[in-house]
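# compute the structure for the input listed below.
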Amino acid sequence: MTGIRYRYSIVVEGEDNKVKDECLICKAPLEYLEEDVQMECAVCHKKENSKTRCVNGHYVCSECHTKGMDSIIGVCLNEQSKNPIEIINKMMSMPFCHMHGPEHHVMVGASLLTAYYNAGGDVDLEQSLLEMYRRGKEVPGGACGFWGACGAAVSTGMYMSIITKATPLAAEAWGLSNLMTSKALGAVGSAWRL
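Reported below is the predicted structural model:
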């Protein structure tokens, strides 16, 4: 069994690929499958392929899973803190935030952008948050396990890319964005040992 430290608690994931108390419908454990299976969202009834469902068969699509995530922008625009941890903790206490959800792919970068701006960083905060929201929503849920790159860590690189105006051809800005992501991925990858 592996203990994963997260938000002041330990989530226990066993050999059976199940995480306790995560289904948005029935609170049953989630299971992660090795291959995609067509599933129907229990909320909107959209059908799509996924590797994630609860042990009772409930599936919630990313769009329904993250309803309310757009409130991140309002929270950040009204935030005064220069501490990204304080900012993200406020977001984590909101109803749209779930422990194993793709909302973290936006929240991490948004908290960094907000703290940067509040500390005097030269950035149009509203436009930057909208860009962070668009980019972060493109990273699918489960990327941490299925791609080997946690979307929350990738979100730190998106933050760096936004503030440095990086493009695929920008040498220094491109490098800084990738270094930011690599440092975050290294920290996330080592966390399972805690």
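# buried sites along the lengthiest strand in the chain?
If you go by DSSP state E, the chain has its longest strand at strand 30-40. For strand 30-40, burial by neighbour count (16 or more other Cβ atoms under 10 Å) applies to L30, E31, Y32, M39. To be clear about C-beta, it is placed using only N, CA and C from the backbone, and glycine gets the same treatment.
# residues contacting it, please?
16-19, 22-23, 46-55, 59, 100, 142, 145 (Cβ atoms under 8 Å, 6 or more residues apart in numbering).
# just those residues: which are in strands?
K18, V19, K47, E48, N49, S50, K51, T52, R53, C54.
# number of residues surrounding R134?
Using other Cβ atoms under 10 Å, R134 is surrounded by 11 other residues.
# against K165, how distant is it?
15 Å (Cβ to Cβ, to the nearest Å).
# pLDDT of stretch 46-62, averaged?
The pLDDT scores in stretch 46-62 average 91.
# how far out from the middle of the chain is that stretch?
Mean-position distance between stretch 46-62 and its chain equals 18 Å (Cα atoms, centre = their mean, to the nearest Å).
# show the average pLDDT along stretch 114-127.
97.
# look through the protein and tell me its longest helix.
The longest helix of the chain (DSSP state H) is helix 171-190.
# can you tell me the SS state at K27?
Following DSSP: H, G, I helix; E, B strand; the rest coil, the label given to K27 is coil.
# tally of neighbours for it?
By other Cβ under 10 Å, neighbour count at K27 equals 12.
# and M158, what element?
M158 belongs to helix 151-164 when assigned by DSSP states H and E.
# please point out which parts of that helix sit buried.
Buried-residue list, helix 151-164, by 16+ other Cβ under 10 Å: 151-164.
# ignoring the adjacent residues along the chain, who's closest to S50?
M39 (5.1 Å; Cβ to Cβ, 6 or more residues apart in numbering).
# bridging residues for that neighbour?
M39 has the following beta-bridge partners by DSSP bridges: E48.
# need the pLDDT of it.
96.
# cool, G145 as well?
86.
# got the contact list for it?
Residues near G145 by Cβ under 8 Å, 6+ apart: Y32.
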